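**Student:** okay, sequence plus prediction incoming.
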Amino acid sequence: MVVTSEDAGCSVGLVVDEITDAIEVAVESISLQGGGNRFGVLGTAVINGVVTDVLDIEGVTATVDASYFERRLLSV
């Protein structure tokens, strides 16, 4: 399965083993806790009553293709 994210007209896809649930929520609208010590995780939040890890898509993408965000900024 592939999880996709789009920002400023640029898309990125992450291959995952399993998707247990999917919601779209602005990171600014949730209260993140911890996460700073786990690669690829912005933090943990309670979303719809469930403790959920919030992915750091920018951090994961930058480790694979550091120029991705440079191209994204140029396209804005």
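**Tutor:** Received it, and whenever you're ready, just let me know what you need.
**Student:** helices along this structure, start to end?
**Tutor:** Along the chain, counting by DSSP state H, helices occupy 57-64, 68-75.
**Student:** ranking these by mean pLDDT, which is last?
**Tutor:** Looking at the helices of the chain, the lowest mean pLDDT belongs to helix 68-75 (a mean of 59).
**Student:** just grab the bridge partners of residue 50 for me.
**Tutor:** residue 47 (DSSP bridges).
**Student:** please renumber so the chain begins at 54
**Tutor:** All set: I'll call the first residue 54, so the last point we hit is now residue 103.
**Student:** burial measure for it, as a count.
**Tutor:** Other residues lying near residue 103 total 10 when counted by other CB atoms under 10 Å. (C-beta placed from N, C-alpha, C; glycine too.)
**Student:** got it, and residue 72?
**Tutor:** Around residue 72 there are 9 residues (other CB under 10 Å).
**Student:** so what's it closest to, chain neighbours aside?
**Tutor:** residue 54 (5.7 Å; CB to CB, 6 or more residues apart in numbering).
**Student:** same question, residue 108
**Tutor:** Here the residue nearest residue 108, using CB to CB, 6+ apart, is residue 93, at 6.3 Å.
**Student:** for that neighbour, what are its contacts?
**Tutor:** 108, 109, 112, 113 (CB atoms under 8 Å, 6 or more residues apart in numbering).
**Student:** show me the contacts for the first one.
**Tutor:** Meaning residue 108. 56, 67, 93, 94, 95 are the contacts of residue 108 under CB under 8 Å, 6+ apart.
**Student:** Serialize the residues you listed to JSON lines and add fields for distance to residue 104.
**Tutor:** As requested, the contacts of residue 108 are arranged in JSON lines below (distance: CB to CB, whole Å):
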{"residue": "56", "distance to residue 104": "19"}
{"residue": "67", "distance to residue 104": "21"}
{"residue": "93", "distance to residue 104": "17"}
{"residue": "94", "distance to residue 104": "12"}
{"residue": "95", "distance to residue 104": "14"}
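**Student:** can you give me the distance of residue 57 to residue 100?
**Tutor:** 19 Å (CB to CB, to the nearest Å).
**Student:** of those two, who's got more company?
**Tutor:** A direct count of neighbours by other CB under 10 Å for residue 57 and residue 100 places residue 100 higher, at 14 against 9.
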